[in-house]
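Peer 1: structure, please.
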Amino acid sequence: MRPVNLIPEEERIGGVRPLRSGPTAYIVVGALVAALLGVTALVTTNNRIVDLKTEATELEADVATTEAKAQKLQAYVDFKIVREQRVSTVTSLADSRFDWERVMRELALILPDDVLLSSLTASASPGASPGGGASVSLRSSIPGPALEIVGCAKGHEGVAGFIQAVKDIDGVTRVGVPSSIQGGASSAESGSASETAACSGDTASFQMVVAFDAAPLPATTSEVTPEVAASSPEAEAPAETGSEE
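Peer 2: This is a model prediction of the structure:
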């Protein structure tokens with residue numbers, strides 16, 4: 001007799017169970033899932049846009065507040081610049097000051113007994129020569145501090161000895177003698193006046209320029225003061241400006 005399998009076909013092991021509703025249900029579920037993901041992404045993107053717009057608005061407000069504060073403090077910034085320029089000018093002036101007191105003291109120590117000075121002029125630059133003193137022609141070729149000396153010495157040997165003695169002054173770089181006349185008179189004009197060393201006999205009248213080339217040149221920097229806005233009572237205090245000479 002032929003065997004017969006009484007187990008339903010869909011419940012047999014290894015058998016393929018037929019779909020009761022077909023593939024339509026899976027398609028609908030997949031479409032719903034895709035729609036849900038799209039809506040979620042759209043909502044998330046919109047929320048992110050709103051957050052960014054809010055953050056941008058807050059940042060713009062912060063920028064406006066910071067600019068307003070910076071505007072109020074600008075006067076103090078300008079005053080700081082003025083202060084730094086003043087300090088720089090004063091420092092430059094201090095560095096360029098020449099110690100004439102020391103030079104005069106050393107000149108008094110090395111001045112020979114046989115040398116008589118009729119005129120002694122000290123100046124920091126050619127254009128800064130004080131009035132009333134003698135003017136020696138070589139002075140114009142020396143940009144820095146220098147001494148202009150007119151006097152008498154015991155002959156040319158005395159003038160030469162005085163030159164060597166002057167070189168012992170600290171800072172002297174060169175000594176120029178435009179004239180040395182035995183038994184005559186050496187004169188140097190200063191404006192309309194004239195300085196004359198009246199020498200006679202075996203004495204020699206001389207003109208001398210003693211240069212200090214290694215010394216710093218006088219400061220000529222002028223201070224440029226920026227305009228300081230007095231937009232508030234607090235800003236009026238640092239608005240005072242000036243020039244240091």
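Peer 1: domain parsing for the protein?
Peer 2: Per automatic domain parsing, the structural domains of the chain span 22-97, 100-211.
Peer 1: where do the strands of the protein begin and end?
Peer 2: For the chain, the strands defined by DSSP state E occupy 115-123, 146-153, 174-182, 185-190, 193-198, 204-211.
Peer 1: next, the angle from the third one to strand 146-153.
Peer 2: Just to be clear, that refers to strand 174-182. Going by axes from the mean of the first three to the mean of the last three CA atoms, to 10 degrees, strand 174-182 is angled at 30 degrees with respect to strand 146-153.
Peer 1: who touches strand 174-182?
Peer 2: By CB atoms under 8 Å, 6 or more residues apart in numbering, the residues outside strand 174-182 that reach it are 136-138, 155-156, 159, 163, 166-167, 186, 199, 202-211, 213. Glycine gets a C-beta too; all of them are placed from N, C-alpha and C.
Peer 1: what pairs with that strand, and is each one parallel or antiparallel?
Peer 2: In the sheet, strand 174-182 lines up against strand 204-211 (antiparallel) (DSSP bridges).
Peer 1: okay, buried residues for the partner strand please.
Peer 2: For strand 204-211, burial by neighbour count (16 or more other CB atoms under 10 Å) applies to 204, 205, 206, 207, 208, 209, 210, 211.
Peer 1: residue 135 is in contact with the fourth one, correct?
Peer 2: No. With contact defined as CB atoms under 8 Å, residue 207 and residue 135 do not form a contacting pair (9.7 Å).
Peer 1: which strands or helices does the helix ranked longest in the chain pack on?
Peer 2: The longest helix of the chain (DSSP state H) is helix 24-96. When contacts are defined as 3 or more CB pairs under 8 Å, 6 or more residues apart in numbering; DSSP states H and E, helix 24-96 sits against helix 233-236.
Peer 1: still on that earlier bit, adding mean pLDDT, write the strands of the chain out as TSV.
Peer 2: Output for the strands of the chain, formatted as TSV (pLDDT from 0 to 100):
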stretch	mean pLDDT
strand 115-123	89
strand 146-153	92
strand 174-182	89
strand 185-190	41
strand 193-198	47
strand 204-211	92
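Peer 1: got those strands as CSV, with distance to residue 100 columns?
Peer 2: Shown next, in CSV, are the strands of the chain (distance: least, CB to CB, whole Å):
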stretch, distance to residue 100
strand 115-123, 5
strand 146-153, 9
strand 174-182, 17
strand 185-190, 18
strand 193-198, 19
strand 204-211, 12
